[in-house]
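**Q** predicted model and sequence follow; I will ask about them next.
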Amino acid sequence: MRVKEILRTATQAWSPAAQHPARLALGTAAQQLDASFNTSSALEIFEVDFADTSLDMKLRGTLPTSNRFHSLIWVAFDPEGSSGRLIGGSESGSVTVFSPDAILGVGEDAVIGQSHKHTGPVRALDYNRFQSNLVASGASDSEIYIWDLNNFSNPMTPGTKAQPAEDVSVVAWNSQVQHILASANPSGKAIVWDLRKNEPIIKISDHSNRMHCSGMLWHPDVATQLVLASEDDRLPVIQMWDLRFATSPLKVLESHTRGILSISWSQADPELLLSSGKDNRILCWNPNTGEVIYELPTANQWCFDVQWCPRNPALLSAASFDGRISVYSVMGGRLQQQQHSTVDQISASFDSSDPFGTGQTLPPLQVPQPSVETTIVPPLKKPPKWVRRPVGASFAFGGKLVTFENPSVAPQQQPIARQVQVSQVTTETEFLQRSAELQAALQSGSFTSFCHDKIRSAPSDAEQDIWRFLTVNFEDEARVKFLRLLGFSKDELQRKVSDQTTALSTFRFIHYQALLVGNFEGAVDLCLNDGRYAEAILLSISGGEELLKKTQQHYLQRQTNSLISSVVTQNWRDIVQSCELDNWKEALAALLTYANPEEFAPLCDTLGSRLQAGGTEKRCLQACLCFICSGNIERLVECWTSQRDCSSPLALEDLVEKVMVLRKSIERLRNGEVCVQSSALTERLVQYSSILASQGSLTSALRYLPDCPDQVHTLIHIYICFPPSQPFAQSGSLGAPVGFMSGPSMSGPSVPPSSPPGPMMPAPPAPGFLSPTSLPGGPVPLFPVAAPGGAYLPLGAGYPQGGPGAPGAKSFSGAGVPPPPTGTCRRLEEPLNTAVSHLCVYIHPALPENYTPPAPITAPVMGFPAEAPVPQDRIQVPPGAPQEPSKQVRGHQAKSLQQLPAEHVGQKEIPAEHMILKTTFSSLVQRCQLAAADPQTKRKLDDASKRLESLYDKLRDQALSPSILGGLHEISRCVSARNYQQGLEVHTQVVSSSNFSEISAFMPVLKVLMTIANKLAV
């Protein structure tokens, strides 16, 4: 696009690259006349000012000359900090050296040197890039002179004149070798001179004899290559020659339709070669490919000279025969600004006053307003070298740093393949180390040693107390050890009591009299009045139940110690709600000793809430201990984050370590996974996963990422970063909180409402509620405990009512388990360990209003294993309480349950032609289970066995298309032949050609199963 323009018919020369601002020197062109037939000549210097939006260039200096110019160059010859030298070749045969500083108005003599050595017009000039004081000139009669600007009076010749004698149209110094000079004649011959030997070393000519050379240039980077341009309309080409193979052109650039008048090679990018021709076209070539990558807007006249700007490589200038010097940019732009600038220039040329002296004011200039059409001039097809990044870097998901660099290649070498480096950037080294230690503890199950390490490295006593409480959860007799941590030891108390001697005085004589006559009531009153409460209670026991109650009531009315009252009345809520916060240890110790299992967790939470409401960091740490005892993960997270900023990675690691260890301790006591719903925990786990992913631990990030639809976008990012062949995060245990935030999950596909009701297990407790079996040190209840939402816990071993020495509670049977609530459940159907190539989110349809839930199941169903008995060493009882009921009673209960009739569930039979699928896949699962040694693989196989039931259900319902069935049978044959690689290929074909919603329930698990079988070689 055109950015500047000068109305001149002149030869041109740009200022050297070091000059700022860029200037353009113009010398009146020889053998050309303008419309006024002006025969004067001048040398002018213009400045390119892009701050001015108009097309005009500012004239900075002018010098009248006696001769017009055929050629003009601006040499970066810089003696004493000057602006270089302007050298012009005139039509009279003179070579003149000018000072640009003098022309710009410094006041010196502008002409520094002049010589008339040449006998004809000087049409060719060029300077040496290595020694800027050396200038070559060419004229008629094969004259070539080498000038030294330091001694301009005595030029030298490169050698003997070429014969036959003819005009020299162009001379060019080699860009890589300083003693090599080339010259060309209009006949199409080019001669390469070696100035060290003063003789030509090679001659180049076209065999067609139609090559009329108008321009010649050396390659900017390759020393042996040059290009020749032909002015002949019969052969309008640009030939690229390599002196190593000078028999024929290396490449021919053909796009002009008429002869080429001028060429210019960009020194900033060797892949940009300009050419102008008699077809009114200015083309920009990529000489390496021969492709035209840019064409300037068509001019109205021939352009006889084009030159790149050394200062700004995106600019070029073109001199045309219509008397215009135009400056273009190859970076594209908009033509609308140029149109407006032209209109403004026309308007400014007319004055509103009377220019002819008639005394009348001219009317305003009426400029027609055509419709504004903005023409977008596209830039080069390829980015030029000066805008290409030599290096680049960008951060990607997962802490990856993508970098590249464009290595410099020697000109003679072939371009090497550019490489993009992907490296891992790790900034949180300590965070990753601690996360790896936590993951190792979660996988190995060595929680006790992990907790001990945390105790040793804890920075404060409060932090040590928290880890001591978490450690107790993994030990036997947890409640007794909790009491010791609180400072209450039964053995220590017994030792203190034995060390003290209590002086017992004799009863008064009247006491003996009352006892001798059997007056227990009177004796009790005397003891109460005398303050002997122990004797009063002992005597009241012998006086009957009514006297005992009366004595207890009388005693409790006189006592201010609510602890004794709570022990007797079993009312611990008053203690928790009314005790002084400074006595929180005593209140927690009382709960650990006497509270019933079903009341323990809520009472601990109440005490923790009161401490948390205190608002201080100390109270919140004490509340955390209460929540650890109750096993309330949600409240622990809320309390911990209320006083601590968990935005930093290490602070977040502290929280996640405590949450994961507490969760594992609860799972240990419950023998199952724990599901907790907490927005605060979800937010922290997402943040924790994001930090892990940003540090490159994508597998660990998947393990901690909550299983909820809100995080699907994060899952997609991590899926993209994993090749399909790599294993994904494991579900289930091993510390992976997959499903950690979800509600009750089902391992199989969703059952539509129209299907017959299947066996339903008792609903787990509501989210956030922990059963007594999950409490650290809490025993398994003998009686059903109601949970929020109407769900009941299964029967188990009991905990006796009351404190030490109290009689055991009688067992009784629980009510039936009501059905679980119905509604819409949105969750990730596919576990992460089987979703290798697909990520699907399913929406379970809501059940209809007229749906009748099945009757509760009160007996084991065929196919479901009965609940395993709780081992004796896993049942925790408070200190001093009697042991669990005898095994005989439990066995009697189990026997009575087994005698109940089992409910029969009917199923369709798999068609005979498809039974081979079930036989093959079930056999493969069994073989893998026998060969698998690590727990992770076994869990995968158990999950695969369950998920294959969805395939068998579809086979029973005949819900699969023939193409899918054909693929399954082909996979079955590959499995039978133990050709698992071919089976995986068939699996890929079936998945890519089928509706994924039809096969999503079983095809991923088949891939996992075959992958495991191939690994185990079964």
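**A** Ah, there it is. Numbers count the residues shown, from 1 in each chain.
**Q** where in the stretch 451-600 of the chain is pLDDT low?
**A** 490-520, 533, 542, 555-571 (pLDDT under 70).
**Q** can you pull out the helices in it?
**A** 461-472, 478-485, 490-499, 509-516, 520-529, 533-542, 545-558, 562-569, 573-578, 584-594, 597-613 (DSSP state H, counting those that start in this stretch).
**Q** export the ones you listed as a markdown table, with columns for mean neighbour count and distance to residue 200.
**A** For glycine as for every other residue, the C-beta is placed from the backbone atoms N, C-alpha and C. Formatted as a markdown table, those follow (neighbours: other CB atoms under 10 Å; distance: least, CB to CB, whole Å):
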| stretch | mean neighbour count | distance to residue 200 |
| --- | --- | --- |
| helix 461-472 | 20 | 89 |
| helix 478-485 | 21 | 102 |
| helix 490-499 | 10 | 113 |
| helix 509-516 | 13 | 146 |
| helix 520-529 | 19 | 139 |
| helix 533-542 | 17 | 133 |
| helix 545-558 | 14 | 129 |
| helix 562-569 | 16 | 119 |
| helix 573-578 | 16 | 110 |
| helix 584-594 | 22 | 106 |
| helix 597-613 | 22 | 98 |
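**Q** how about those helices in a markdown table, adding distance to residue 407?
**A** Listed next are these as a markdown table, based on distance: least, CB to CB, whole Å:
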| stretch | distance to residue 407 |
| --- | --- |
| helix 461-472 | 53 |
| helix 478-485 | 65 |
| helix 490-499 | 76 |
| helix 509-516 | 109 |
| helix 520-529 | 102 |
| helix 533-542 | 96 |
| helix 545-558 | 92 |
| helix 562-569 | 82 |
| helix 573-578 | 73 |
| helix 584-594 | 69 |
| helix 597-613 | 62 |
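**Q** what's the closest of the ones you listed to residue 698?
**A** With CB to CB as the measure, helix 461-472 is the member of the helices of the stretch 451-600 of the chain nearest residue 698 (28.4 Å).
**Q** can you classify the closest residue to residue 380 other than its chain neighbours as helix, strand or coil?
**A** Distance criterion CB to CB, 6 or more residues apart in numbering; nearest residue to residue 380, sequence neighbours excluded, is residue 294 at 4.9 Å. Of the three states, residue 294 takes strand according to DSSP: H, G, I helix; E, B strand; the rest coil.
**Q** how close does residue 294 sit to residue 330?
**A** In this view, residue 294 and residue 330 are 6 Å apart by CB to CB, to the nearest Å.
**Q** which neighbours do those two share?
**A** When contacts are counted by CB atoms under 8 Å, 6 or more residues apart in numbering, residue 294 and residue 330 are jointly contacted by 284, 379, 380.
**Q** low-confidence regions, the stretch 801-950 of the chain specifically.
**A** Along the stretch 801-950 of the chain, the parts satisfying pLDDT under 70 run over 801-907.
**Q** can you give me the first-to-last residue distance of stretch 468-483?
**A** Counting by CA to CA, to the nearest Å, you get 12 Å between the two ends of stretch 468-483.
**Q** same thing with stretch 587-601?
**A** One end of stretch 587-601 sits 13 Å from the other (CA to CA).
**Q** check stretch 294-302 too.
**A** Terminal-residue distance, stretch 294-302 (CA to CA): 18 Å.
**Q** identify whichever of the helices of the stretch 451-600 of the chain lies nearest to residue 953.
**A** With CB to CB as the criterion, residue 953 lies closest to helix 597-613 of those, at 39.6 Å.
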